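Asker: Provided below for reference: sequence and predicted model.
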Amino acid sequence: MDKSSIDDVVLVGGSSRIPKVKQLLQNFFNGKELCKSINPDEAVAYGAAVQA
């Protein structure tokens, strides 16, 4: 898998609110816009419910 094959970068969990984490990820993915339309806390809860 190559970085260029990534369509969307979705951040979940509490650490996704840390500005430095966002900056590092955006730089790592060559300036790709991070997905902000999903609530990070709800995404974790939804994933846990699906797995239950």
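Answerer: Looks like it arrived, so ask away. Numbers count the residues shown, from 1 in each chain.
Asker: identify all contacting residues around the lowest-mean-pLDDT helix or strand in the chain.
Answerer: Using mean pLDDT, DSSP states H and E, helix 40-51 stands out as the lowest-scoring helix or strand of the chain, at a mean of 87. Helix 40-51 has contacts (CB atoms under 8 Å, 6 or more residues apart in numbering) with Val10, Leu11, Val12, Gly13, Gly14, Ser16, Arg17. All C-beta spots, glycine's among them, are computed from the backbone N, C-alpha and C.
Asker: how many residues are close by the nearest residue to the last one once chain neighbours are set aside?
Answerer: Just to be clear, that refers to Arg17. Distances taken as CB to CB, 6 or more residues apart in numbering place Pro40 nearest to Arg17, at 7.0 Å, with adjacent residues excluded. Residues within reach of Pro40, counting by other CB atoms under 10 Å, total 15.
Asker: any idea which residue is closest to the centre of this structure?
Answerer: For the chain, Leu11 is the residue whose C-alpha lies nearest the centre (CA atoms, centre = their mean; 1.8 Å).
Asker: now that residue: phi and psi?
Answerer: phi -100, psi 130 (degrees, to the nearest 10).
Asker: so it touches Gln26, yeah?
Answerer: No. Counting by CB atoms under 8 Å, Leu11 does not reach Gln26; the two are 10.2 Å apart.
Asker: overlap in contacts, these two.
Answerer: Leu34.
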